[in-house]
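Q: one predicted model, sequence on top.
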Amino acid sequence: LAALQVEARTLAMLRGLLYQLHAACTRLAAGARAFPSSVQETAGQVRHGMEGVQASLSRARSFHDLSGLVLAQSRETVTWAQLSIDELLEHVGQHAPLPWLVGPFAPALVEYPEDVPVEMAKWEGCITMG
């Protein structure tokens with residue numbers, strides 16, 4: 001009886017983790033709309049993969065209900081999703097504008113990004129320290 005309770009709790013925890021992972025992937029896919037289509041597609045595929053894993057494991061009453069194939073495919077999908085998310089984060093780190101990543105913590109960067117020339121008229125009358 002104790003083993004069944006442990007198994008039931010483990011499955012419940014697994015379902016909870018999969019729910020959270022799916023929700024995070026859904027937010028990721030929604031947030032990827034500002035990026036190139038390849039990034040959007042990858043984020044959508046990760047979300048879709050997590051939906052599949054969640055569906056496969058949500059019907060199980062015990063681990064005996066899950067075949068070795070389902071468990072292996074689920075493990076592969078989660079591993080692939082992790083690698084894909086790592087690649088997406090690397091892409092964002094390399095290609096997102098710095099003010100988008102830094103946010104309001106660097107107002108000078110937000111007000112005067114590098115690729116926009118600053119009008120010198122704004123600085124007339126300023127004293128510079130030499």
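A: Structure's in. What do you need?

Q: any idea how far Q20 lies from G49?
A: 15 Å (CB to CB, to the nearest Å). Every C-beta, even on glycine, is put in place using the N, C-alpha and C of the backbone.

Q: so between those two, which is more surrounded?
A: For Q20 versus G49, the count of surrounding residues by other CB atoms under 10 Å is larger for G49: 20 against 10.

Q: pLDDT weak spots in this structure?
A: Residue ranges of the chain with pLDDT under 70: 96-130.

Q: packing partners of whatever helix or strand G16 lives in?
A: Following DSSP states H and E, one finds G16 within helix 2-31. Contacts defined by 3 or more CB pairs under 8 Å, 6 or more residues apart in numbering; DSSP states H and E place helix 2-31 against helix 37-58, helix 68-95.

Q: now with 6 Å?
A: helix 37-58 (3 or more CB pairs under 6 Å, 6 or more residues apart in numbering; DSSP states H and E).

Q: the helix it packs on: which residues count as buried?
A: Neighbour counts using 16 or more other CB atoms under 10 Å place 39-40, 42-44, 46-47, 49-50, 53-54, 56-57 of helix 37-58 among the buried residues.

Q: same check, this time on stretch 62-74
A: Quick answer for stretch 62-74 (16+ other CB under 10 Å): L66, S74.

Q: so how far is that stretch from its chain's centroid?
A: 26 Å (CA atoms, centre = their mean, to the nearest Å).

Q: ends of it, what's the gap?
A: End-to-end distance for stretch 62-74: 16 Å, by CA to CA, to the nearest Å.
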